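[1] Build me a structure from this.
(one chain, ligands or ions: 3)
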Amino acid sequence: MSYTTKVSTCSLNQHALAFSLNLANLKAAVDAAKADNSKYLLTPELSLCGYGCEDHFLEPDTESHCWEILAELLPSTLNCPNFLLDVGMPIVFNGSRFNCRVLVCDGRIVGIRPKTVMADDGNYREGRWFTPWCRGVGELEEYLLPKAFIDSVPGSSQRTAPFGLMVFRTSDGLKLSVETCEELWSPESPNIELSLLGVEVIANGSGSHHELRKLHRRLELIIEATKKNGGVYLYSNQRGCDGSRVYYDGSSMIVCNGQVLRQGVQFGLKDVEVLTATVDVEGVRSYRACRPSFRMQSASHSCPREQVNLESMRAFLPAASARRDLKPTDPVELTFSTPEQECLLGPACWLWDYLRRSGGSGFFLPLSGGADSASTATIVFAMCKLVMKEFLAGDNEQLRRDVVKVVGEGAVVRTAEELCNLILHTTYMGTSNSSQQTLRRAGVLASHIGCYHLSANIDAMVSSVVGVFTTITNCRPSFESAGGTSVEDLALQNIQARLRMVLAYMMAQLLPWCRKRKGFLLVLGSGNVDECLRGYLTKYDCSSADLNPIGSISKVDLKNMLKFAAVEYNLAILAEIVAAPPTAELRPNGAKEEHTQSDEADMGMSYEELGVFGRLRKISRCGPVSMYRKLLHIWPELTAQQVADKVKRFFFYYSINRHKMTTITPSYHAEAYSPDDNRFDQRPFLYDARWSWQNKVMDTLASEDQQGLC
Ligand SMILES: Nc1ncnc2c1ncn2[C@@H]1O[C@H](COP(=O)(O)OP(=O)(O)OC[C@H]2O[C@@H]([n+]3cccc(C(=O)O)c3)[C@H](O)[C@@H]2O)[C@@H](O)[C@H]1O
Ligand SMILES: Nc1ncnc2c1ncn2[C@@H]1O[C@H](COP(=O)(O)OP(=O)(O)OP(=O)(O)O)[C@@H](O)[C@H]1O
Ligand SMILES: NC(=O)CC[C@H](N)C(=O)O
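    Ligands and ions are numbered 1, 2, ... in the order given. I've put the predicted structure just below:
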């Protein structure tokens, strides 16, 4: 008897509520797994409807469409008694909605397994739509299948299915069970009990979005679980932008006894990626049985009274050790992206999904020659590189169709630069306050990445608006350098910035027409985390766009990304852009070649300091006083009063500008320090900006520190 089996997992680029697309992806995955002669296929969390349906989960339509496409999927499992398919969907049972796995074998639903631990932190809101199931393994209920579903499956006699936490046992003795996404991350993961119950194959269907360095954590959790308890662990993750700010980064995997046998692509453009491994179940059994501590705890776990016997299913491969294709899959070497690659490639893949699904024919970006808009442009170029690589490989028919849809029938694309020329449109929008240096840098970057670039002087727009204002009010504002007040100066800065946004939208609407192409362009924004946190942006200026790929990335991380891209793509201009001092160029500058208005001087703090404030505020959950306490150790070179003053200044600007985050452009979620008010960082937007109590406490602590009292 051989104790080797073949199992598959997959990454699927499902789109919330796009049932036809989701069904097609699932069918393709089933076909690929069956072609691999696999016995089991795991798919991502809520794979039938897409993970990100959000409040659509509250609509009965979402569940009923899942049943409809499940009925369409069932025939692909018919006459395959040795193949188990595992999909995800919402199911209402006894009045509560559960996030369920539905396991199908030979055209029958053999079990429905509800999720026990909700993901409710950060971007996750599962508790808003789903109830956690709280019964133990083997405590099964009988679920009456919906009549419409039964009627749509011709010839089926099935009326009910077991509902609850269950262990499946095949006729030849393989034990398999599932847990769902967050359960792996919880303190008492179900995989522990399942392993002690002798389950050899544990599967986790997930909807886990990208965050920098999160893949390491996922791998640690899975490797540690199977190192400690032995077992085969299959992980399946959603891929792509399914309609929101997050990007699911695939990386599905198959792990056995702490060793990774298959690792899927993290930033890939295939809608369906199936990974299959031949796994040695005997190896799992012997791994466990040689560990006295495992044996002892396992022996005290009684097997659940009710387990689901898959009478007709044989999981193990025929015993013919000479057959090479039955050889257990060898472990692979793990591959990880660097944080710089993650900053570049995650947003690049997200933008591609957004573009092809939005019906847009490209992007428009106001390109200033500064680091932020250069970062956005570089991410679009990275997207073009990824797309062209896949396009030229020639085996991704869906991508080929998407490229044709975006660039238009008949357009010829052979290189990333050619694609970039059709997709990315940039414009330098200078005023009399702009410098020659930023104009040049924008032009050089544009020519190197190949985008369609124009250069404009918007002084006429600015003077028209100021002229209209003067006519209405009979007051003419001046810059401080020309004798005006700071209020006038700021208003004159803001009008330049706002008019850029107005022109940007006009360009986005009409540039395709000017180029005799069809469609519209999506406007890209380039505000970074630190500017948002400090409020160093004009509300409704170029920070207002359709999408922002860098909105949750700090300036420091962006600069590292640009340095990496300078080498990776041979774009020396990026190194020059990184080295230039950040400037808004909104005030008059005399005849100087480089502008002397400096972001850091204007803000009263450096980008590096802002990065520290941002992490402490969000990731370490610090209010002013606890931030002060932590910073005393982080900045030992400063006096306590200097630290207190910096904290006060940060919180003052943060609070007077927090309202800007309510209207900030939707941005890619990349980092845990994101200040995105809409979903991730929920806080008031009207503060008492004096922080009088907190500041008093800080001053007392600082003076005690200075007197050596604490
Ligand atoms: N509590 C509150 N709740 C809701 N809304 C509130 C508000 N307080 C002010 N507001 C509104 O917000 C407005 C103030 O915001 P805003 O108009 O942005 O004006 P403001 O924040 O005063 O100025 C923009 C700042 O961004 C700087 N900047 C730097 C670099 C680049 C750029 C650029 O744009 O390229 C800008 C610029 O130098 C200046 O310091 C008020 O006029 C009011 O309408
Ligand atoms: N001269 C300009 N031409 C075109 N767009 C501009 C110009 N100046 C500013 N913008 C737009 O407004 C946005 C905000 O400007 P801001 O000065 O804050 O950033 P930046 O110039 O991209 O980068 P940096 O902060 O490194 O200077 C820019 O990202 C850019 O999209
Ligand atoms: N969908 C989930 O349950 C996700 C939970 C988990 N914290 C993750 O990010 O992967």
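
[2] okay, CA-based contacts and neighbour counts for the rest of this
    Noted.

[3] Let me see the contact set for the closest residue in space to Asn678 that isn't next to it in sequence.
    Once flanking residues are discounted, Asn678 sits nearest to Thr662: 6.5 Å by Cα to Cα, 6 or more residues apart in numbering. By Cα atoms under 8 Å, 6 or more residues apart in numbering, Thr662 lies in contact with Asp677, Asn678, Phe685.

[4] Buried ones among these?
    Listed as buried from those are Asp677, Phe685; burial here means 16 or more other Cα atoms under 10 Å.

[5] Give me the distance between the nearest residue to Ser361 once chain neighbours are set aside and Pro512.
    Among residues not flanking Ser361 along the chain, Val406 sits closest, at 4.8 Å (Cα to Cα, 6+ apart). For Val406, the distance to Pro512 equals 12 Å [Cα to Cα, to the nearest Å].

[6] How about Phe391?
    From Phe391 to Pro512 the distance is 23 Å (Cα to Cα).

[7] ditto for Met627
    49 Å.

[8] coming back round to it: roughly how far apart are the residue nearest to Asn678 and Thr5?
    Taking Cα to Cα, one finds Thr662 at 52 Å from Thr5.

[9] cool, Val412 as well?
    Distance from Val412 to Thr5, by Cα to Cα: 46 Å.

[10] between these two, who's got more neighbours?
    Shown here are Val412 and Thr5; by other Cα atoms under 10 Å, Thr5 has more neighbours (24 against 12).

[11] Which helix or which strand is home to whichever residue of the stretch 301-450 of the chain sits closest to ligand 3?
    Distances from the stretch 301-450 of the chain to ligand 3, computed as Cα to the nearest ligand atom, single out Gly346 as the nearest residue at 15.3 Å. Assigned by DSSP states H and E, Gly346 belongs to helix 339-358.

[12] so what does that helix touch, helix or strand wise?
    strand 239-240, helix 371-393, helix 397-407, helix 555-568 (3 or more Cα pairs under 8 Å, 6 or more residues apart in numbering; DSSP states H and E).

[13] For ligand 1, which of these is the nearest?
    Using Cα to the nearest ligand atom, the helices and strands packed on helix 339-358 put helix 371-393 closest to ligand 1, at 10.7 Å.

[14] wait, does the closest one contact ligand 2?
    Yes: judged by Cα under 6 Å from any ligand atom, helix 371-393 and ligand 2 are in contact via Ala371, Asp372, Ser373.

[15] residue boundaries of the helices in the stretch 1-150 of the chain?
    19-35, 60-73, 147-152 (DSSP state H, counting those that start in this stretch).

[16] likewise the stretch 551-700 of the chain?
    555-568, 572-579, 599-603, 607-618, 624-634, 640-657, 692-706.

[17] Relative to Ala119, which of those is closest?
    helix 607-618 (18.7 Å; Cα to Cα).

[18] Tabulate the CA atom coordinates of that closest one in CSV.
    Listed next in CSV are the C-alpha coordinates belonging to helix 607-618 (Å, rounded to 0.1, in the frame of the first residue of the first chain):
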residue,chain,number,x,y,z
TYR,A,607,10.3,63.2,6.8
GLU,A,608,12.4,60.9,8.9
GLU,A,609,10.8,62.3,12.1
LEU,A,610,7.4,62.0,10.5
GLY,A,611,8.0,58.3,9.8
VAL,A,612,8.7,57.8,13.5
PHE,A,613,5.7,59.7,14.6
GLY,A,614,3.5,57.8,12.1
ARG,A,615,4.6,54.4,13.3
LEU,A,616,4.3,55.3,17.0
ARG,A,617,0.8,56.8,16.5
LYS,A,618,-0.7,53.9,14.5
